[in-house]
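Enquirer: sharing a model that was predicted from the sequence below.
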Amino acid sequence: MDTEKGPKESDNVQPHLPPPSDPVEENVPAMDTLRGWVVVLACFFNLMFSIGTTTTFGVYLQEYELVEFPNTPSSQLSWIGTLQGAMMCFFGILVGILCEHVDTRILSAFGSLMAGLALIVASFCNTPWKLLLTQGLFYGFGGSFLYTTGLTLAPQWFNKYRALATGIVIAGSGIGGLWLSFAINSMIQNLSRPWAQRITGLITIAVCGALSPLMVLRVKPKKRKNIADFSVIRDKKFVLLFFSALLGLSGFYMPFFFMPTYTIITFNRAEAWGTNVSSIMNGASVVGRVVMGLLGDKIGALNTLTIATFASCISILVLWLPFKVFGTLIAAAVVFGFSSGAIVSLIPVVTANTFGVRRLPSIMGFIMLGYTIGALISSPPGGAILDKYGHGTDFTGLIVYGGVYLALATVVNIILRVTISRKPWIKV
């Protein structure tokens with residue numbers, strides 16, 4: 001294993017932009033080495049069993065809506081998955097701060113145990129409100145330790161391949177969503193929903209717990225009097241990045257949650273097709289997150305994020321909305337899956353490039369607040385629109401609602417890009 005040490009080429013931004021003042025520290029592991037890729041491996045599995053589990057909630061939602069709780073409104077049931085994602089981001093604020101004070105290996109191991117136990121406890125619940133507390137709130141709490149450590153460690157270990165490394169880490173959520181969609185559906189059909197949750201919980205504890213010793217922080221943050229770096233909230237670039245995350249995530253979850261049910265209701269397909277569509281989105285996202293990472297290293301993370309957010313918007317408003325054709329729906333699922341992963345994977349890269357890797361865990365904690373708000377104003381209002389105006393079968397209002405958020409996120413990204421540099425050919 002490469003243990004070369006010495007000053008870093010850059011812990012800051014890309015050379016075209018004015019770098020933040022991060023002091024050089026001796027005896028810090030070098031960037032872009034094998035040791036960094038080992039950390040990427042551990043982060044990859046953390047995202048697989050945190051975000052990957054959340055993006056497969058559509059499979060559970062399908063079971064809840066059609067089998068277990070058919071008389072409960074979609075807007076209420078969708079709160080389970082929404083709270084899962086929102087609490088993962090909300091508690092991520094705390095975890096981001098803890099990363100600067102507590103060994104990240106301990107935080108990752110604790111998250112493995114809590115996330116796994118949450119699913120096991122949820123398996124004994126048979127009412128929506130109990131599932132809301134366990135599969136939603138409890139899992140969101142445990143998953144936040146896996147998600148935040150996995151999202152913030154990898155960018156610290158790379159300069160040249162920072163966007164690619166982060167893209168590979170985030171691809172773990174897509175691969176997790178891909179195989180977990182089929183596995184969970186198969187376990188529900190052949191065993192039961194409770195056993196699907198128990199088995200998934202045990203696997204989460206075993207895999208993420210075993211890899212937690214690899215979750216090593218590369219650069220120790222500067223000691224300061226305040227528990228967190230609040231000075232960043234006065235920076236215009238941070239405010240724009242915050243709203244980019246908020247609006248982007250608002251449009252991110254709805255296709256993953258509602259497209260499987262849309263497939264069954266609109267096209268009168270078998271329940272297995274809901275899982276198939278979910279897997280198609282997750283499979284496309286695996287490829288997309290790696291490709292977007294490569295593209296981010298070539299043309300700049302913010303440039304790539306803007307392009308990807310626009311493509312996600314097009315997939316919703318141009319492909320999904322106007323056409324009730326099954327082939328077009330599959331195309332929308334592929335395009336959305338391919339492009340939308342950048343909304344999650346490139347935000348940390350843009351943050352590191354703009355503010356420096358030393359401040360990344362704390363600043364990403366604040367970004368998590370934007371993710372939290374985005375998750376809360378996403379699926380529950382979308383489900384309410386579906387129930388009230390679509391009567392549970394017309395998804396038009398819900399689709400427009402999600403697409404508008406992605407359109408607004410695109411506009412915010414363009415404003416941020418112009419704020420950083422007005423030169424269109426600059427790598428940002």
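Expert: Everything's here; your move.

Enquirer: low-confidence stretches in the protein?
Expert: By pLDDT under 70, the weakly predicted segments of the chain are 1-26, 220-229.

Enquirer: ok, 50 please
Expert: 1-24 (pLDDT under 50).

Enquirer: pull the longest helix from it.
Expert: Criterion DSSP state H: the longest helix present in the chain is helix 236-267.

Enquirer: check which element follows it along the chain.
Expert: Following helix 236-267 in sequence order, the next helix or strand is helix 271-299 (DSSP states H and E).

Enquirer: so after that next one, what's the next helix or strand?
Expert: Heading C-terminal from helix 271-299, the first helix or strand you meet, by DSSP H and E, is helix 301-314.

Enquirer: what's the angle from the helix or strand just after that following helix to helix 301-314?
Expert: Following helix 301-314 in sequence order, the next helix or strand is helix 326-355 (DSSP H and E). Following axes from the mean of the first three to the mean of the last three CA atoms, to 10 degrees, one obtains 160 degrees for the angle between helix 326-355 and helix 301-314.

Enquirer: could you give the angle of helix 326-355 to helix 236-267?
Expert: Using the same axes, to 10 degrees: helix 326-355 against helix 236-267 is 170 degrees.

Enquirer: quick one on the thing from earlier: could you check the angle helix 271-299 makes with the longest helix of the chain?
Expert: Orientation check (the same axes, to 10 degrees): helix 236-267 against helix 271-299 gives 150 degrees.

Enquirer: now do the buried residues in helix 236-267.
Expert: By 16 or more other CB atoms under 10 Å, the buried positions in helix 236-267 come out as 238-265. No exception for glycine: its C-beta is placed from N, CA and C like everyone else's.

Enquirer: how distant is the helix or strand containing Phe145 from the center of its chain?
Expert: Per DSSP H and E: Phe145 is located in helix 139-153. A distance of 10 Å separates the centroid of the chain from that of helix 139-153, by CA atoms, centre = their mean, to the nearest Å.

Enquirer: show me the contacts for Glu65.
Expert: Counting by CB atoms under 8 Å, 6 or more residues apart in numbering, Glu65 touches 72, 74, 77, 261.

Enquirer: what separates Asn303 from Thr419, distance-wise?
Expert: The spacing between Asn303 and Thr419, counted by CB to CB, to the nearest Å, is 14 Å.

Enquirer: neighbour-wise, which of these two wins?
Expert: Per other CB atoms under 10 Å, whichever of Asn303 and Thr419 has more neighbours is Asn303, with 21 against 12.

Enquirer: my understanding was that the more buried one contacts Ile420; is that so?
Expert: No. Using CB atoms under 8 Å, Asn303 is not in contact with Ile420, being 10.2 Å away.

Enquirer: identify the contacts common to those two.
Expert: Val428.

Enquirer: distance check, Gly209 against Leu202.
Expert: Applying CB to CB, the value for Gly209 to Leu202 is 10 Å.

Enquirer: ok, now Glu271?
Expert: Per CB to CB, Glu271 is found 25 Å from Leu202.

Enquirer: okay, now Ser231: neighbour count?
Expert: When neighbours are counted by other CB under 10 Å, Ser231 comes out with 11.

Enquirer: measure it to Leu94 for me?
Expert: Relative to Leu94, and taking CB to CB, Ser231 is found at 19 Å.

Enquirer: rewinding a little: can I get the contacts of Glu65 in TSV including secondary structure?
Expert: Formatted as TSV, these follow (DSSP: H, G, I helix; E, B strand; the rest coil):
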residue	secondary structure
Thr72	coil
Ser74	helix
Leu77	helix
Thr261	helix
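
Enquirer: next one: the strand or helix carrying Val411 to chain centre, how far?
Expert: Remark: Val411 resides in helix 396-420, with elements defined by DSSP H and E. The chain centre lies 17 Å from the centre of helix 396-420; the measure is CA atoms, centre = their mean.

Enquirer: ok, now stretch 365-372?
Expert: The chain centre lies 11 Å from the centre of stretch 365-372; the measure is CA atoms, centre = their mean.

Enquirer: state the number of residues packed around the residue lying closest to Val95 once chain neighbours are set aside.
Expert: Excluding its sequence neighbours, the residue lying closest to Val95 (CB to CB, 6 or more residues apart in numbering) is Thr148, at 4.0 Å. Thr148: 31 surrounding residues under other CB under 10 Å.
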